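S.K.: for reference, the sequence and a predicted model appear below.
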Amino acid sequence: MFNDMKLTAVFLLLFVAASFSCNYRHADPVIAARKAYFNGIARNDIPLGPPQEGDWRAAHKEKEQTFEAYKAARPVKTTAARSVIYLLPVGEFTPLQEKVLEAMREYTAIFFQLKTVLLPARSDDAFPPNTFRQREDGHIQVLAPYILDSLLKGHIPNDGITLMAISAQDLYPKSDWNYVFGLASYVDQVGVTSIYRLQNETLDTANYTTCLKRLNKVASHEIGHMFSLHHCLHAQCAMNGSNNLGETDRAPNRLCSACQQKLYWNLRYDNQKRLQELVDYCRQQQLQRDLYLLQKDLDAIG
Ligand SMILES: [Zn+2]
Ligand SMILES: [Zn+2]
């Protein structure tokens, strides 16, 4: 009898908890007005497991950025006159690399639902000699802060909201570092990354899809930072911090529901249209894992 009562109480509690989560109403009216969408995709959020040795979270103790903290950070907002994302290739690119950059531009435009322009490539021929160095295996590296300071800061076109450079050459941040994946100044809304390590040194048809998947992740993650999104601790998410390529590969090309709430609150796009376009893009580009996750989100809001 006592046990039955206890069991009933447990079920009752579970029922109350379940109804609470189904009827969850967000404190912010902008998000509450889209509760069917956000409650739907929240069911697909996968919790973060413990970090592996060498992972970002093993080395950095970060605090979760709540929705209210995001609003309080006064993130940069687009205006009618200033809303374009600019991507600037730096160096010499093969036709296949140009193709992967164009595919990444298309993804970025869909991800943020903002016009995204791939600028003509800027040659690095005229860079001062002290901005290059050659590694023992012969590959050339470019000094990333030089690109940031000379080509990007203060050079966002008038209608631009961010400017991100993609270097053909590998990057290094200072003389005593081996390399760096990228460098950014979020205050100035600019950043630079390199395709070199994302394509496993040389891009070919065999690693094209892997490179595109990584480029898409790096672009959405870095530009996400420029819109004041912090690293995500809520779930497996494109905004998870990353210390190495293996960790970048493990993170999904999907924003969790908490990060999507922040980005939507800022940019006010059509959530369903965005999701459908991401699904269509991943199907077209044969990005199978991304397609699986995004289709699941689309099914959850159907
Ligand atoms: Zn980051
Ligand atoms: Zn997230």
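M.R.: Yep, that arrived. Ligands and ions are numbered 1, 2, ... in the order given.
S.K.: show me which residues of the stretch 1-150 of the chain are close to ligand 2?
M.R.: Neighbours of ligand 2 within the stretch 1-150 of the chain, by CB under 5 Å from the ion: none found. To be clear about C-beta, it is placed using only N, CA and C from the backbone, and glycine gets the same treatment.
S.K.: tell me where the model's unsure across the stretch 1-150 of the chain.
M.R.: Within the stretch 1-150 of the chain, the segments meeting pLDDT under 70 span 1-25.
S.K.: how does it look with 90?
M.R.: By pLDDT under 90, the weakly predicted segments of the stretch 1-150 of the chain are 1-27, 52-54, 136-138.
S.K.: and the residue of it nearest ligand 2?
M.R.: D45 (8.1 Å; CB to the ion).
S.K.: and the gap between that residue and R135?
M.R.: 41 Å (CB to CB, to the nearest Å).
S.K.: before we move on, back to that, could you look up the SS state of the residue of the stretch 1-150 of the chain closest to ligand 2?
M.R.: Three-state assignment for D45 (DSSP: H, G, I helix; E, B strand; the rest coil): coil.
S.K.: list the contacts of it.
M.R.: Contacts of D45 were listed using CB atoms under 8 Å, 6 or more residues apart in numbering, and they are H234, A235, Q236, C256, S257, A258.
S.K.: count of residues packed around the first one?
M.R.: Taking other CB atoms under 10 Å as the neighbour definition, H234 ends up with a count of 19.
S.K.: any idea where the strands of the stretch 151-300 of the chain begin and end?
M.R.: Using DSSP state E, counting those that start in this stretch, the strands of the stretch 151-300 of the chain run over residues 160-167, 170-172, 182-185, 190-194.
S.K.: okay, these, which one's buried deepest?
M.R.: Highest mean neighbour count of these: strand 190-194, a mean of 26 (counted as mean count of other CB atoms under 10 Å).
S.K.: tell me which strands that one pairs with, and in which orientation.
M.R.: Strand 190-194 pairs in its sheet with strand 160-167 (parallel), strand 182-185 (antiparallel), by DSSP bridges.
S.K.: the strands of the stretch 151-300 of the chain: lowest mean pLDDT?
M.R.: Lowest mean pLDDT of the strands of the stretch 151-300 of the chain: strand 182-185, a mean of 90.
S.K.: the residue lying closest to N216 once chain neighbours are set aside in helix, strand or coil?
M.R.: Spatial nearest neighbour of N216, chain neighbours left out: Y107 (4.5 Å); criterion: CB to CB, 6 or more residues apart in numbering. Recorded secondary structure, Y107: helix (three-state DSSP).
S.K.: H60 - how many residues pack around it?
M.R.: Residues within reach of H60, counting by other CB under 10 Å, total 11.
S.K.: show me what contacts it?
M.R.: Each residue near H60 by CB under 8 Å, 6+ apart is listed here: H231, G241.
S.K.: quick one: it from L229, how far?
M.R.: Counting by CB to CB, the gap from H60 to L229 is 16 Å.
S.K.: next: V90.
M.R.: Between V90 and L229 the distance is 25 Å, computed by CB to CB.
S.K.: try S185
M.R.: Counting by CB to CB - S185 and L229 are separated by 16 Å.
S.K.: could you do R122 as well?
M.R.: Noted for R122: a distance of 28 Å to L229, by CB to CB.
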